[in-house]
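Participant: build me a model:
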Amino acid sequence: MLLVSSSRMTRLLACLLVCCTTMGASAEELPEPLAKIELSDGDTLVFLGDSITHQCLYTQYVEDFFFTRFPQKNIRFHNAGVGGAKAWDALQRFDRDVADFKPKYVTVLLGMNDGRYQAFNQEIFDTYKADMTEVVEQIKETGAKPVLMTPTMYDARAKLLRDQKPAEEYNAVLAYYGQWLQRQAMMNGFGFVDMHGLLNNLTIEARKSDANFTMIADAVHPGPDGQLVMAYAIINDMGLRKPLSSIRITKGAKGKPVSRVSGGKLTDLQMEDDGLSFTWTADALPWVVPAEAQTGAKMLRLGHKASREALEIHDLPAGSYQLTIDGQVVGVYSAQQLARHVELQGNAKTPQYQQAMQVAELNKQRNAGPVRNMRGEWSRFQRYARTKQQVADAPTDALKQQLDALTKQIEGMDERVKTLNEEIEKLAAEIREVAQPKPRTYRLEKVEAAKVSGLVVLNGEPLAGAIVQFIPDGSAGSVARGKTNAAGNFVAVGGGLPGVLPGMYRVVIKTDGVTPAKFGNAQTTPLRFEVQSGKNKAQFELQK
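Facilitator: Numbering: from 1, shown residues only. The predicted structure follows:
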């Protein structure tokens, strides 16, 4: 197996030549930096990197975005990350792990290992510059566009929280590396993504209320929340962030409803005194991520910023309206709220959200399975490549024995990688099929809330200070709540209503360790109550 590498002197000269060329260019000769990733049907995006890419998380979340935002396009993704990789390592596998995929864009996340976890060292930095310059040249030779990404944050405080000694100045070193990358991108017309700044800024903000907050528990590898921040940085910095859809409905001059929409097609619109209905076929689905990254989504306000799904209805009579999509109740809103607009992208009750979550979960399985297995193959190759170079530089019997063992490990690798790639693409095709938007029936109906009051008794005595929750058991409305007074009495309201919508409810009663646990859990409570129109009086007698 042939290694593709140049001598260190050649790389340093190449780096010097590139730097001198760009520095001597006039302003008129400088290209515009890449402003946007634009992928068409059949294009490929490659993620080149180290262990942070090998984690298959930020790459997974970016894929989720493309699967749901561009469901009609057959876009291919290839994770080319290997744990422990430096820029030199990426060069050794470049032809088969990057170039063979004929990418349109290659994102590059390298530098965390290149700096060697120490204070700034000029010789180490010069090696990084030379190797990264060669990586970029290799990308350009494939016809692809490089997207340079700063190394991520090194969280020294996370090391201290684990009673470990951190590399005190290393985050500043990585920031310096990132500034060099930014300059190369700006001078040469490459794409650029600032991973480092966003991770740092969000961490600083979160530590104002939680001094021990971190998204990078081991100081180096971001967890799911941090990886989502990285994915957002790519989507934002590469010009892909925009609202998902907008539906605006008003009454026209002759009293007929008029719609103005973006991001889909609206048909069958009917408006009546007590509400309206229509069919909506969206162009795309909201960007939804698995549960482990939801904290990161909240920090970023991900839905609002990158996937806003707005519904705005004017000229409804005052009152409360229940919204159903395909018969599923998704919320109750006042006429005033609807006139301002409501956002549905983060509402887990909508069929669109549930469909997008299915996409995310399937892609999670794809990345945790064949994608990671393939990266394991390249990890073994990296050990082989390093050992081969060591034998070439300073052969010893021990190194030769290691090389022989590693050579055996990578035998048959090409066939295994081919099989894994086929499995990856097969699963991607299934995901694209699941991601296809479907026509959805929306209905807004004016609703009148029923009055619900009651009494809670424990062992024959009124129970004070208990939270009483009415949780829809089927297709009823929103959760309603009340709190018992000293006499055990409560009044329930919820969902923006002055009462509770008619329907069947599970009843949960919570106190600080006073009531039996089964009553405080929606899955185990035996209590049920049917709310009917008008006034309802409930009484719950609990026994320990």
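Participant: all contacts plus neighbour counts: C-alpha atoms, from now on.
Facilitator: Will do.
Participant: distance of Asp273 relative to Ala99?
Facilitator: Here the distance between Asp273 and Ala99 works out to 62 Å (C-alpha to C-alpha, to the nearest Å).
Participant: of the two, who's got more company?
Facilitator: Ala99 (18 against 10; other C-alpha atoms under 10 Å).
Participant: help me confirm that that one comes into contact with Gly143.
Facilitator: No. No contact is recorded between Ala99 and Gly143 when judged using C-alpha atoms under 8 Å, the distance being 9.3 Å.
Participant: report the outermost residue of the chain with respect to its centre.
Facilitator: When each C-alpha in the chain is compared with the mean C-alpha position (C-alpha atoms, centre = their mean), Gly460 comes out farthest, at 50.8 Å.
Participant: so what pLDDT did it get?
Facilitator: Per-residue confidence at Gly460 stands at 93 (pLDDT).
Participant: show me what contacts the spatially closest residue to Phe490 that is not a sequence neighbour?
Facilitator: In space, and not counting its chain neighbours, Phe490 is closest to Thr484: 4.5 Å by C-alpha to C-alpha, 6 or more residues apart in numbering. With contacts defined as C-alpha atoms under 8 Å, 6 or more residues apart in numbering, the neighbours of Thr484 are Leu455, Val456, Leu463, Ala464, Gly465, Ala466, Ile467, Val468, Phe490, Val491.
Participant: okay, now the unreliable bits of the stretch 1-150 of the chain?
Facilitator: 1-28 (pLDDT under 70).
Participant: quick one, strands of it?
Facilitator: In the stretch 1-150 of the chain, the segments counted as strands under DSSP state E, counting those that start in this stretch are 44-49, 76-81, 105-109, 145-149.
Participant: Ser209 is nearest to which of these?
Facilitator: Closest of those to Ser209 is strand 145-149, at 29.3 Å (criterion: C-alpha to C-alpha).
Participant: what sits up against that closest one?
Facilitator: Counting by C-alpha under 8 Å, 6+ apart, residues outside strand 145-149 touching it are 104-110, 136, 139-140, 178, 181-182, 185, 190-195.
Participant: that strand: what's the following helix or strand?
Facilitator: helix 156-161 (DSSP states H and E).
Participant: so which bits of that next one are buried?
Facilitator: Along helix 156-161, the positions that meet the burial threshold by neighbour count (16 or more other C-alpha atoms under 10 Å) are Ala156, Arg157, Ala158, Lys159.
Participant: using PDB, write out every CA atom in stretch 355-364.
Facilitator: In PDB, the C-alpha atoms belonging to stretch 355-364 read as follows (Å, rounded to 0.1, in the frame of the first residue of the first chain):
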ATOM      1  CA  GLN A 355     -41.400  12.700  11.000                       C
ATOM      2  CA  ALA A 356     -38.200  14.700  11.300                       C
ATOM      3  CA  MET A 357     -37.400  13.000  14.600                       C
ATOM      4  CA  GLN A 358     -37.700   9.600  12.800                       C
ATOM      5  CA  VAL A 359     -35.200  10.900  10.300                       C
ATOM      6  CA  ALA A 360     -32.800  11.900  13.100                       C
ATOM      7  CA  GLU A 361     -33.100   8.600  14.800                       C
ATOM      8  CA  LEU A 362     -32.500   6.600  11.700                       C
ATOM      9  CA  ASN A 363     -29.500   8.700  10.800                       C
ATOM     10  CA  LYS A 364     -28.200   8.200  14.400                       C
END
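Participant: let's test this: mean pLDDT of that stretch, rounded?
Facilitator: In this model, stretch 355-364 has an average pLDDT of 98.
Participant: do the same with stretch 393-411
Facilitator: The average pLDDT within stretch 393-411 is 96.
Participant: stretch 185-193 too?
Facilitator: Stretch 185-193 shows a mean pLDDT of 97 in the predicted model.
Participant: about what we covered before: how much space separates the residue nearest to Phe490 from Pro462?
Facilitator: The value you get for Thr484 to Pro462, if C-alpha to C-alpha is used, is 9 Å.
Participant: please enumerate the shared neighbours of the two.
Facilitator: Between them, Thr484 and Pro462 share the neighbouring residues Leu455, Val456, with contact defined by C-alpha under 8 Å, 6+ apart.
Participant: chain neighbours aside, what residue packs nearest to Phe65?
Facilitator: Trp287 (5.4 Å).
Participant: using the three-state scheme, assign that neighbour.
Facilitator: At Trp287, secondary structure determined by DSSP: H, G, I helix; E, B strand; the rest coil is coil.
Participant: any idea how far Arg440 is from it?
Facilitator: Between Trp287 and Arg440 the computed distance is 18 Å (C-alpha to C-alpha).
Participant: equivalent analysis for Arg183, please.
Facilitator: According to C-alpha to C-alpha, Arg183 stands 47 Å off from Arg440.
Participant: neighbour count: those two, which is higher?
Facilitator: Set side by side, Arg183 and Arg440 give different neighbour counts by other C-alpha under 10 Å, the larger being at Arg440 (19 against 14).
Participant: could you pull up phi and psi at the more buried one?
Facilitator: When quoted as degrees, to the nearest 10, the phi and psi of Arg440 stand at phi -120, psi 140.
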